[in-house]
Structures are given as structure tokens and as C-alpha cells.
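Next comes the sequence, and after it the predicted model I'd like to discuss.
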Amino acid sequence: MMRSICLFAALAIIAGTVHAAPLTYEAALKLADDSAPSLQAKSADVRAARSGAIAAGRLPDPKLALGVEGFPVSGPFAGRPGVDDFSDVRLGVMQDFPSFAKRRAARERAAADVGAAEVGRTAEARQVRLETALAWIDLYYAERRLAALATIDQELTRLRESVPSQIVSGAMRPAQTLESERLKAVLADRRAEMVAVLAGARAELVRWTGEAEADVAGNPPEFVVEAGALRAGVDRLPTLAAYDARARQADADVGAAKADKQSDWTWELAYQRRAPRFGDMVMLQATVSLPLFASTRQDPVIAARIETAGGVRIEREAARRELLAALETSLADHAMHHDRLSRARETLVPLAKRRVELETASYAAGTAGLSDVLSAAVALAETVSDALDREADVARDGARIVLTYGVDAQ
């Protein structure tokens, strides 16, 4: 029953791939670049920052002042502004003029915000490509594992079909058939695991590409890992560029805090309309801010902003060291996985195949039982699957290293 369920699931997945849209590795990455929602959101952030930068550093809107001045509320002229010398209707325009330093700091902050948004998009694009690449590689090798297991299962089925005749001839005891059933269950378990892995990998590829029935086509690329170039390019990675953008934002905040020590001006021009028997008047007035107590107002804020900017640069150095350490670890793992893959291809798989050949020959000569042949075949299936796992590890390492640490990855 378990075998039937697993076979049904495998056939359903294989049948689904027939109608799926096959994607090469490069096509999957291109589709993710164009359709990933997280990347579209980052693009919106860039557009928003650029739009906001247009207004940065501009003069504030002018203000219109309309009112009545000198309206008498007591005395002999109470409620009669027309006969009072000091009553008038006033119409004025006011314009604030922040200091040039403040407006320059606002423009610098806006430019830094645009840079931070662009770096954020670049970092997200790199992450999207990495996740898409890993999903594609996982699906590719999951299909290869399932296909390899199907080939082994066909051979085991052929051998199991000879069991009844072996029992009739007396070459095999009935109890020995139990081993055949046990090995069949082992393969069914392995197949069920592979089907689940394949489904998960397909779901991840659908997530990043948006293709409802995404499938793979072609082979994974040969990732060229040049350790020297990767180490030299660490300082240009988006991860550190994000800290550089934060540092520029912090520097702009320092400039804005220092600009608070400079005076702002407000100019007002007003026209005063009085009773006809009095002449109209025009008023021009200037107001200036006086930052007289900088030691307890502006200076502490400036010191705080400077500390923040320094902290960002310290964090960048910590992130740089972390990246270098992670790169060295990834390079070491990549070398180890290459070594394990070579050993599987050159030693383990050939030995497993040779064992099946020898056990089959011994079985034909009557010196070995069918269970020995079946066990050797199952061991071969496990060895081939393990070799594919090792090959997948090498491919995943290559994608992760190149797309994470390669300067030209995005």
C-alpha cells in the first residue's frame, strides 16, 4: 500500500512537469528579477526617495496673514474702529528663510536617502537571485535523484519477479522473501522523501519566479570561484554599501544639527488699510532666531549625531570582518564538498556498481541469495543518491559564493 501511494505521488509530480513551463537557470533568474514582489517593493522605495529629494532644501511655502489690528473694545471709541487712529485692516505675506546650511543639509540627507534606497534594492536583487538559484538547483537535483531511484527500482522489480520460481525450485526458502519486502519498503521510504523534497523545491521556485508550474530545463552553470577576486571585492558588496549609505545619512544629520546654530530669518510684508480720513500704511518686518544657548541646546545634539555617525562606521568594520570570515568558511566548505564529490564519483559509486555486478554473478552461480543482490542494489541506489547530494552541495556552494560575494553578481 505504501509503495502504491509513493508511486502515485511520484507519477503525479512527473505528470505535472509535462505541462510545466521549463526554465533554464538564466531564465529563472531573469524572471525573478522582473517579477519578485520584494524587489518591486524596493524599487518603489527608490522612486519614493527620488521623488522626496525634489522638495528637499526648498524654501517653505509663504504664509498669508489677514487680520484687524487696533480694534477698540473699551473707552469712548469702543466698537467704532472707523474713528480710532490706531485701527486698521492688515493684509500681509510672510516668508521663512531657513539658513543656507539647513537647506544644504536637507539636500544632503535626501541624497543619502536615495543612495540608501538604491543600495537596499541592489541588496534585495542579489538576495532574490540567490534564493531563485538555490531553488532551481534543488529542483534540478531532486528530479535527478527521483529518476535515478526509478531506474534502480526497475531493476529490483525484475529481480523480485524471479522469487516464486526460486522458491519452487528450492533455491530459496519462503522466509527469504521477507528481506525482499523489507528492501522494497526501504526504497519506498526513500522515494517518499525525494518526492517531498521535489515538491518543496518546486514551491520555492514558484515563489520567486511566479510561474505556477515552474520546472527546470538544461543544466546548472559552472560557477567559477576565484578566491582572490572575491576577497578583494568584499568592500564593494551591497552589505557594506548599505553601511556606507547609513554613514552618509548620519553625516547629513550631523550637518543638520550644526546648521541649527545658524540663525533663520522670516520676512513679512504687510499692507494696512485704515479709515478713509487716515492714510494707508505699508509694513516690512524681519524676524531672526537667536541661538544664544548652544551649549545646552544645539551642542549636545551635535555631539549625539557625531557619536551615531561614528557608531555606524564601527558597525561597518564589524560587518566587513564578518563577511570575510563567512567567505573563508564558504570557500573551505566548497573545497570540502568538491573533495567529497570526487571521492563519490571515483570510488564510492564504482565500488557500489561493482558490488552489484559481483553479487549478481554469484546469484547466477548459486553462491549468493537474492537478498544479497537486492541489498547490493539498494546500497547502489543510496550511493548514487548520495553522490547527487554531493554534486548538489557543490552547485549550491558555487551559487551562494558567486551570488553573495561576487562584485558583478547583480
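Ah, there it is.

model confidence over the top helix by length along the chain, on average?
When secondary structure is assigned using DSSP state H, the longest helix within the chain turns out to be helix 100-160. Model confidence over helix 100-160, given as mean pLDDT, is 91.

counting contacts, what elements does it pack onto?
Using 3 or more CB pairs under 8 Å, 6 or more residues apart in numbering; DSSP states H and E as the contact criterion, the neighbours of helix 100-160 among helices and strands are helix 2-18, helix 25-35, helix 37-55, helix 177-209, strand 214-216, helix 238-259, helix 370-405. (C-beta placed from N, C-alpha, C; glycine too.)

Quick one: those as JSON lines, columns for mean neighbour count and distance to Tyr140 too.
Rendered in JSON lines, the data for these read as follows (neighbours: other CB atoms under 10 Å; distance: least, CB to CB, whole Å):
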{"stretch": "helix 2-18", "mean neighbour count": "14", "distance to Tyr140": "12"}
{"stretch": "helix 25-35", "mean neighbour count": "18", "distance to Tyr140": "8"}
{"stretch": "helix 37-55", "mean neighbour count": "14", "distance to Tyr140": "23"}
{"stretch": "helix 177-209", "mean neighbour count": "18", "distance to Tyr140": "8"}
{"stretch": "strand 214-216", "mean neighbour count": "24", "distance to Tyr140": "5"}
{"stretch": "helix 238-259", "mean neighbour count": "20", "distance to Tyr140": "27"}
{"stretch": "helix 370-405", "mean neighbour count": "20", "distance to Tyr140": "8"}
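
could I get these as TSV with mean pLDDT and distance to Val93?
Conversion of those to TSV gives the following (pLDDT from 0 to 100; distance: least, CB to CB, whole Å):
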stretch	mean pLDDT	distance to Val93
helix 2-18	40	71
helix 25-35	93	51
helix 37-55	95	21
helix 177-209	85	56
strand 214-216	89	63
helix 238-259	95	25
helix 370-405	90	58
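
Might one say that Trp405 is in contact with Ala232?
Residue 405: Tyr, not Trp. No. Here Tyr405 does not reach Ala232: they are 10.5 Å apart, not a contact under CB atoms under 8 Å.

TSV for the helices and strands packed on helix 100-160, including distance to Ser99?
Formatted as TSV, the entries for the helices and strands packed on helix 100-160 read as follows, by distance: least, CB to CB, whole Å:
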stretch	distance to Ser99
helix 2-18	67
helix 25-35	44
helix 37-55	18
helix 177-209	49
strand 214-216	57
helix 238-259	6
helix 370-405	45
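
Please identify which of those is closest to Val356.
For the helices and strands packed on helix 100-160, distance to Val356 was read as CB to CB. The smallest value, 4.6 Å, belongs to helix 370-405.

what's in contact with stretch 34-51?
Under the criterion CB atoms under 8 Å, 6 or more residues apart in numbering, residues 32-33, 110, 113-114, 116-118, 120-121, 124-125, 128, 132, 208-210 lie in contact with stretch 34-51.

gap between Lys261 and Arg297?
Per CB to CB, to the nearest Å, Lys261 is found 9 Å from Arg297.

which neighbours do the two share?
Looking at what touches both Lys261 and Arg297 (by CB under 8 Å, 6+ apart), the common residues are Pro291.

And the host helix or strand of Pro300, what does it pack against?
Assigned by DSSP states H and E, Pro300 belongs to helix 298-343. Packing contacts for helix 298-343, counted by 3+ CB pairs under 8 Å, 6+ apart, involve helix 227-232, helix 238-259, helix 370-405.

Now the shortest one: buried residues?
Of the residues in helix 227-232, those scored as buried under the neighbour-count criterion (16 or more other CB atoms under 10 Å) are Leu230.

Remind me what it packs against, helices and strands.
Counting by 3+ CB pairs under 8 Å, 6+ apart, the packing neighbours recorded for helix 227-232 are helix 298-343.

Show the average pLDDT along the helix it packs on.
According to the model, helix 298-343 has a mean pLDDT of 96.

where does it sit relative to the chain's centre, distance-wise?
When distances are taken as CA atoms, centre = their mean, to the nearest Å, helix 298-343 is centred 17 Å away from the chain's centroid.

Give me the angle between the helix or strand following it and helix 100-160.
Sequence-wise, the next helix or strand beyond helix 298-343 is helix 349-365, with elements assigned using DSSP H and E. Taking axes from the mean of the first three to the mean of the last three CA atoms, to 10 degrees, helix 349-365 and helix 100-160 form an angle of 10 degrees between their directions.

any chance of the helices and strands packed on helix 298-343 in JSON lines, plus distance to Gln285?
Converted to JSON lines, these look like this (distance: least, CB to CB, whole Å):
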{"stretch": "helix 227-232", "distance to Gln285": "62"}
{"stretch": "helix 238-259", "distance to Gln285": "24"}
{"stretch": "helix 370-405", "distance to Gln285": "61"}
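
Quick one, which of those helices gets closest to Leu23.
Each of the helices and strands packed on helix 298-343 was scored for nearness to Leu23 using CB to CB, and the closest is helix 370-405 (15.1 Å).

My understanding was that Leu290 contacts Ser263; is that so?
Yes. Taking contacts as CB under 8 Å, Leu290 lies within contact range of Ser263: 6.7 Å.

picking up where we left off before, run the chain-centre distance for the longest helix of the chain.
Using CA atoms, centre = their mean, the mean C-alpha position of helix 100-160 is found 7 Å from that of the whole chain.

Compute the inter-axis angle for it and helix 177-209.
Interaxial angle, helix 100-160 versus helix 177-209 (the same axes, to 10 degrees): 160 degrees.

wait, which of the helices and strands packed on helix 100-160 is closest to Arg316?
Each of the helices and strands packed on helix 100-160 was checked against Arg316 via CB to CB, and the shortest separation belongs to helix 238-259, namely 3.6 Å.

on contacts alone, who are the packing partners of that closest one?
Using 3+ CB pairs under 8 Å, 6+ apart: helix 238-259 touches helix 100-160, helix 298-343.

Before I go, just wanted to say thanks for your time.
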